[in-house]
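Trainee: please work out how this folds:
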Amino acid sequence: MFRRRNRFVLRCFLITILLISISISFVVITSITQRKNYFTSTTVDRTIIFIRTSYHCQLRLDYLLQSWIPSNLSQQSNIYLLTDNISKYSNKKVLNSFKNLIETNCPQTHNRFDLCCKTAHEFELFYNLSQINSNLDWMCRFDDDQYVNLDNLYQFLSQINSSKPYYIGRTSIDYRLKVPGHNRTYTFATYGAGVCFSRALLEKLRPYVNKTSLPHDCIKRGISDDGYIGYLTEFILNISVISLRELFHSHLENLDKSFRYFNINHLENAITFGFAWDRYKLSWLPIIHQLIQLINKGEKYAANILWIFLQNYEKNHPNNLTNQYDQSCTSYIRKSYEKDTFKIRINKTI
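Mentor: Numbers count the residues shown, from 1 in each chain. Got it, this is the predicted structure:
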């Protein structure tokens, strides 16, 4: 009887220890999760996201809404869509799916001056918003042909001190640019991969990026908008770009070094992916998004099997790109038409 009593006491003791351990584990996990969510929600509130588009490329907006842009307008408070001319949109319904719509009235082509005009408006908008919300820490800008893993972005930014000048993205060239008459060189973060600027850097850039002078200064320097921002940041302000090639990806990457090279861990950890009509079309955006959602739900094995299948299918069924163009932008269609018309005229002349 004494032994039975000891066994009973021992069992009760072990059960109590087990329950205490489970309770402690639950509290720790909950605490970590809440802390992560706190960091993430705080970072969201302090990060402004700009997406640059054009009415020429309004078809791209559907793919963004099917993938990484939240469908709930209440979750778009920090996301701004910047476009050139709202009145020329044929699909007004898609515009209503964006909470914050900004019209720049910049010229509507892809020329250097026009791009620099749009860049200047992005900076001006951030400075205007920072007057309303003095707690803003980050400005991240992306193009309309990119996928952005917002969770990864916010988690990454939450670990960095925005009171220091940070210029974060991906360099797309393997050499540094020279400045005539100077020994120093510079490089830049390509806008095609997405770029983030900390609050401290944005304050330092402020005298150089107003919308009156920036487009003209771009032309004088003879470089693109992202190149000119690199010139200002690295050469003028002496702040180096932080190039994170494993996290930021652009459409400028070679095909065999982009999606065909990626494994499921790339999809899980990266912040941005770039798309291009001659590599991976924008129709891949919802697919990539669903794969990432599977990973987030703990279904990484299933996501990996599906991703391997899609990669193999794509390799075995290459697209015929002869006489093709970017069908998501009417400007490319027109250029293709003009090129074909020019060829016909030449043939007629001959």
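Trainee: contacts only, for the most centrally placed residue in the chain.
Mentor: In the chain, the C-alpha nearest the mean C-alpha coordinate belongs to residue 148, at 4.1 Å (Cα atoms, centre = their mean). With contacts defined as Cβ atoms under 8 Å, 6 or more residues apart in numbering, residue 148 is in contact with 49, 68, 142, 194, 271-272. (Each C-beta comes from the backbone N, C-alpha and C, glycine too.)
Trainee: same check on residue 147?
Mentor: By Cβ under 8 Å, 6+ apart, the contact list for residue 147 reads 67-68, 272-273, 275, 285, 288-289.
Trainee: repeat the analysis, applying 7 Å as the threshold.
Mentor: When contacts are counted by Cβ atoms under 7 Å, 6 or more residues apart in numbering, residue 147 touches 67-68, 272-273, 285, 288-289.
Trainee: for the helix or strand hosting residue 217, buried residues please.
Mentor: Assessed by DSSP states H and E, residue 217 sits inside helix 214-221. For helix 214-221, a neighbour-count test (16 or more other Cβ atoms under 10 Å) marks 214-215, 217-218, 221 as buried.
Trainee: please apply the same query to stretch 45-55.
Mentor: 46-55.
Trainee: could I get these in JSON lines, plus columns for secondary structure and pLDDT?
Mentor: Below are those laid out as JSON lines (DSSP: H, G, I helix; E, B strand; the rest coil; pLDDT from 0 to 100):
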{"residue": "46", "secondary structure": "coil", "pLDDT": "95"}
{"residue": "47", "secondary structure": "strand", "pLDDT": "97"}
{"residue": "48", "secondary structure": "strand", "pLDDT": "97"}
{"residue": "49", "secondary structure": "strand", "pLDDT": "98"}
{"residue": "50", "secondary structure": "strand", "pLDDT": "98"}
{"residue": "51", "secondary structure": "strand", "pLDDT": "97"}
{"residue": "52", "secondary structure": "strand", "pLDDT": "95"}
{"residue": "53", "secondary structure": "coil", "pLDDT": "93"}
{"residue": "54", "secondary structure": "coil", "pLDDT": "90"}
{"residue": "55", "secondary structure": "helix", "pLDDT": "88"}
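Trainee: low-confidence ranges, this protein, go.
Mentor: Along the chain, the model assigns pLDDT under 70 to residues 1-40, 254-260, 278-279, 320-323, 331-350.
Trainee: which residues in the stretch 51-200 of the chain form helices?
Mentor: When secondary structure is read from DSSP state H, counting those that start in this stretch, the stretch 51-200 of the chain shows helices at 59-65, 92-95, 112-132, 150-157, 199-205.
Trainee: what's the closest of the ones you listed to residue 327?
Mentor: In terms of Cβ to Cβ, the element of the helices of the stretch 51-200 of the chain nearest to residue 327 is helix 59-65, at 7.6 Å.
Trainee: how about that closest one as PDB, C-alpha atoms only?
Mentor: Taking C-alpha atoms only, helix 59-65 is exported to PDB below (Å, rounded to 0.1, in the frame of the first residue of the first chain):
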ATOM      1  CA  LEU A  59      -3.200  45.500 -66.800                       C
ATOM      2  CA  ARG A  60      -0.400  44.900 -64.300                       C
ATOM      3  CA  LEU A  61      -2.500  46.100 -61.500                       C
ATOM      4  CA  ASP A  62      -4.800  43.100 -61.700                       C
ATOM      5  CA  TYR A  63      -1.800  40.800 -61.000                       C
ATOM      6  CA  LEU A  64      -0.700  42.900 -58.100                       C
ATOM      7  CA  LEU A  65      -4.200  42.700 -56.600                       C
END
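Trainee: helices and strands around it, which ones?
Mentor: Here helix 59-65 touches no other helix or strand, going by 3 or more Cβ pairs under 7 Å, 6 or more residues apart in numbering; DSSP states H and E.
Trainee: ok, and what's touching it?
Mentor: Against helix 59-65 from outside (Cβ under 7 Å, 6+ apart): 53, 71, 94, 97, 144-145, 282-283, 285-286, 328.
Trainee: try 6 Å this time
Mentor: 94, 97, 144, 282, 285, 328 (Cβ atoms under 6 Å, 6 or more residues apart in numbering).
Trainee: what is the neighbour count of the closest residue to residue 102 other than its chain neighbours?
Mentor: Leaving out its chain neighbours, the residue that sits closest to residue 102 by Cβ to Cβ, 6 or more residues apart in numbering is residue 82, at 4.7 Å. Residue neighbour count, defined by other Cβ atoms under 10 Å, stands at 22 for residue 82.
Trainee: if we can go back for a sec, of the buried residues of stretch 45-55, just say which sits nearest to residue 225.
Mentor: For residue 225, the closest of the buried residues of stretch 45-55 turns out to be residue 52, at 9.8 Å, with distances computed as Cβ to Cβ.
Trainee: any idea how far that closest one is from residue 300?
Mentor: The spacing between residue 52 and residue 300, counted by Cβ to Cβ, to the nearest Å, is 33 Å.
Trainee: nearest to residue 234, of the buried residues of helix 214-221?
Mentor: Using Cβ to Cβ, the shortest approach to residue 234 within these belongs to residue 221, at 13.1 Å.
Trainee: run the chain-centre distance for stretch 119-139.
Mentor: A distance of 18 Å separates the C-alpha centroid of stretch 119-139 from that of its chain, computed with Cα atoms, centre = their mean, to the nearest Å.
Trainee: would you mind listing the outside residues contacting it?
Mentor: 46-48, 50, 104, 141, 157, 162, 196-197, 199, 209, 211, 214, 225.
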